[in-house]
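1. Quick check, what structure comes out for this input:
(2 chains)
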Amino acid sequence: MKTLSLRNLGKTYFDPYAGAHVTAVHDVSLDVEPGEFISVVGPSGCGKTTILNMIAGFIPYSKGDILLDGKPVHGPGPERGVVFQSFALFPWKTVLDNVGFGPKMRGVPKAERDRIAREYLALAGLSHAAHRYPNELSGGMQQRVGVVRALANNPDVLLMDEPFASVDAQTRMTLQEELTRIWQERKPTVIFITHDVAEAVFLANRVVVLSKGRVLDEIAVDLPRPRVWDDLVKDDRFKQLSARVLQMVRAA
Amino acid sequence: MQVTGSLKGRSSRLIRSVNSLVGAAMFVAPLLALVAVWAIVVPLFNVNPRVFPSVGAVGAAALDSIRDGTLFAHVGASLLRVGLGTLIGIATAVPLGIAMGVSPTVAAFLTPLFRFFSVLAGIAWIPIATLWFGYGFGAIVFVIFNAVFFVVAYNTLLGVRTIPHTLRNAAASLGAGRWALLTEVLLPGALPNIVTGIRTGLGFAWRGLIAAEMIATNVGLGYMLFVARDFYRTEVIVFGMIVIGVLWLLIDRLLLVPLERATIERWGMVRRA
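-> Okay, the predicted model is just below:
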């Protein structure tokens, strides 16, 4: 496991519609410890998805550094797994082959990567769906596949870009509870982007609030685990923390 | 859950097979009606066999050509030419289409050429093809290749462009290199359009084949029609036309439609109307 550091990270790009240079991310510094779960919240346009895309290597950064264990990262790589809002499963691969894709890219033989994929599918309660195609699954099930596909590749950091934004409210709560459970079992390092304050607090050890391309504040979330919604909706500490974060986001 | 699932699967399979039976009947009925009209009109108006043959004469011509083996020689020659021309067309068009889909520069440079040559594709090439390859096999295969190549390349380009960028990002962040991106994402992602391109191209190729065979060879279905004309053998001409139509339907139903079904529909990438 490795430490991820953002040092004075910035992104400026030319917007052809505005006909001008736009700065999406001004100056962001952040250290993420191995095994930490960080939520990044902020209003739309605060630069949170841009930051995630830069860490993932999908877009280049204009200034500063992104360091993984002290080494700068450029371009996408398997040590930084990504869970997409649109799921981004391969429609032409079965669930099993989607989850086994990362190991396949590492040259893991078929039998072994099937074993790995089955192990992770079991973790998400999806063993029965191994031989189905993504289009045969509900949105919630597709995103479970998306999460374990990224995890099965054993990344140093798991980057999640509003992964539960496009599923219904009930499913979202289940997925959030499952994610906290999986995180407790496997302790991956997670950076979770969301605009949903309650989700951010529910999941994370630390909530980072962004505003206009800068870090506004960070709040440690010391709620005990395992976390389930039935308990937390009644929990005063959860309510306090959520209210504090919400205030900051609205002021941002 | 499992039981209801499989029951649902079974009953939907039953519905589907009944549907396809009804579909086949609805498809054959108008053709049979046409044959019935033909069987009535020709004797009724005592049509000169040099103008249009009777059903019986066409049947006899069919039996003759089957008995003496000429039908199989013609069909075999035509299918070999179409098959080879199509294979060469696909094998060259798909890599080029993918290169165009990946690189905007390549696409921008080649697009005007494609516009120009797609208009020309087909039988306009026959005269020069016969100069290059001589009368016969080579010239005809070239014409088929030409008909398939531009359509498949263009559809492959479209296919690569319609692949959501997040899928390429997903593959890259799971460790896929350039080659894996090509074989695991771009090729299967473009496949729906490639299959569409092959279907359209093969349709063009089949028409081009008949035309080319009338001009540039001494065996094949087109040649069979053309020679029969010289001897006023309308029954052979009509039989040949029926064979051409039926063969196309068979190629489409037995080769192309199942290919679509096994891949694209299964993946949910094309919704059937």
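2. When you work out contacts or count neighbours from here on, use the C-alpha atoms and nothing else.
-> Will do.
3. just for chain B, where's the confidence low?
-> For chain B, the stretches flagged by pLDDT under 70 are B:1-10, B:121, B:270-273.
4. How about the residues of it by chain A?
-> Proximity of chain B to chain A (Cα under 8 Å from any Cα of the partner chain) is limited to residues B:166-167, B:169-170, B:172-176, B:180, B:185, B:188-189, B:263-264, B:266-269.
5. Quick check: next helix or strand after the helix or strand hosting B:G203?
-> Applying DSSP states H and E as the criterion places B:G203 in helix B:187-216. As assigned by DSSP H and E, the chain's next helix or strand after helix B:187-216 is helix B:221-230.
6. Now do that next one: distance to the chain's middle.
-> Remark: helix B:221-230 is offset 22 Å from the chain centroid, using Cα atoms, centre = their mean, to the nearest Å.
7. Give me the contact list for that helix.
-> Here helix B:221-230 makes contact (Cα atoms under 8 Å, 6 or more residues apart in numbering or on different chains) with B:74-75, B:78, B:209-215, B:217, B:234, B:236-237, B:240-241, B:244.
8. May I have it as PDB, with CA atoms only?
-> Presented in PDB, the C-alpha positions along helix B:221-230 are these (Å, rounded to 0.1, in the frame of the first residue of the first chain):
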ATOM      1  CA  LEU B 221     -24.900 -17.000 -62.300                       C
ATOM      2  CA  GLY B 222     -24.700 -13.700 -64.200                       C
ATOM      3  CA  TYR B 223     -23.100 -15.500 -67.100                       C
ATOM      4  CA  MET B 224     -25.900 -18.200 -67.000                       C
ATOM      5  CA  LEU B 225     -28.500 -15.400 -67.400                       C
ATOM      6  CA  PHE B 226     -26.600 -13.600 -70.100                       C
ATOM      7  CA  VAL B 227     -26.000 -16.700 -72.300                       C
ATOM      8  CA  ALA B 228     -29.600 -17.900 -71.900                       C
ATOM      9  CA  ARG B 229     -30.700 -14.500 -73.300                       C
ATOM     10  CA  ASP B 230     -28.800 -15.200 -76.600                       C
END
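9. pLDDT below threshold where in the stretch 51-200 of chain A?
-> For the stretch 51-200 of chain A (pLDDT under 70), the answer is none.
10. In space, what's closest to A:G77 - neighbours in sequence excluded?
-> B:S173 (4.8 Å; Cα to Cα, 6 or more residues apart in numbering or on different chains).
11. In the chain, what residue spans correspond to helices?
-> You didn't say which chain, so I picked chain A. A:48-56, A:95-99, A:101-105, A:110-123, A:139-151, A:169-186, A:197-203, A:229-232, A:236-251 (DSSP state H).
12. not what I meant, chain B
-> Counting by DSSP H, the helices of chain B are B:2-44, B:55-67, B:70-102, B:104-120, B:126-133, B:137-162, B:165-173, B:178-180, B:187-216, B:221-230, B:234-251, B:257-260.
13. What are the buried residues along the shortest one?
-> The reference is to helix B:178-180. Neighbour counts over helix B:178-180 (16 or more other Cα atoms under 10 Å in any protein chain shown) mark no residue as buried.
14. next one: the second one
-> Along helix B:55-67, these residues count as buried under the neighbour rule (16+ other Cα under 10 Å): B:V55, B:A57, B:V58, B:A61, B:A62, B:S65.
15. Please identify which pair of those lies farthest apart.
-> B:V55 and B:S65 (15.5 Å; Cα to Cα).
16. Contacts only, for residue 159.
-> Using chain A. A:L52, A:A56, A:R80, A:G81, A:V82, A:V83, A:V190, A:I191, A:F192.
17. Please refer instead to chain B.
-> Shown in contact with B:G159 (Cα under 8 Å, 6+ apart): B:G101, B:G189, B:A190, B:L191, B:P192, B:N193, B:I194.
18. wait, the second one sits on B:R161?
-> No: using Cα atoms under 8 Å, B:G189 is not in contact with B:R161; the gap is 9.4 Å.
19. Report the rounded mean pLDDT for stretch A:5-24.
-> Averaging pLDDT along stretch A:5-24 gives 90.
20. Residue numbers of chain A in contact with chain B?
-> So chain A meets chain B at A:56, A:58, A:76-82, A:84, A:88-93, A:101-102, A:105-106, A:133-136, A:150, A:153 (Cα under 8 Å from any Cα).
21. Tell me how many other residues surround the spatially closest residue to B:G203 that is not a sequence neighbour.
-> Closest residue to B:G203 apart from its sequence neighbours, by Cα to Cα, 6+ apart: B:W248 at 8.0 Å. Residues contacting B:W248 under the criterion other Cα atoms under 10 Å in any protein chain shown number 16.
22. separation between B:W248 and B:G23?
-> 18 Å (Cα to Cα, to the nearest Å).
23. Point to the residue nearest the middle of chain B.
-> In chain B, the C-alpha nearest the mean C-alpha coordinate belongs to B:L202, at 3.0 Å (Cα atoms, centre = their mean).
24. does that residue really touch B:L87, like I thought?
-> No: if you go by Cα under 8 Å, B:L202 and B:L87 don't touch, sitting 10.3 Å apart.
25. what's stretch A:239-252 in contact with?
-> A:41-43, A:197-198, A:201, A:209-212, A:216, A:219, A:221, A:233.
26. in that stretch, what counts as buried?
-> A:L241, A:S242, A:V245, A:L246, A:M248, A:V249.
27. Name the nearest residue to A:A198, ignoring sequence neighbours.
-> Nearest non-adjacent residue to A:A198 (Cα to Cα, 6+ apart): A:S242, at 5.9 Å.
28. distance of that neighbour from chain B?
-> Distance from A:S242 to chain B, counting by Cα to the nearest Cα, to the nearest Å: 32 Å.
29. ok, residue 208 - how many residues close by?
-> Picking chain A for this. Residues near A:V208, counting by other Cα under 10 Å: 22.
30. The intended chain is chain B.
-> Other residues close to B:G208 by other Cα under 10 Å number 24.
31. could you list every residue that touches it?
-> B:G122, B:I123, B:V143, B:I144, B:A147.
32. Tabulate those (CSV), appending distance to A:A117.
-> Compiled in CSV, the contacts of B:G208 are given as follows (distance: Cα to Cα, whole Å):
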residue, distance to A:A117
B:G122, 49
B:I123, 53
B:V143, 48
B:I144, 45
B:A147, 44
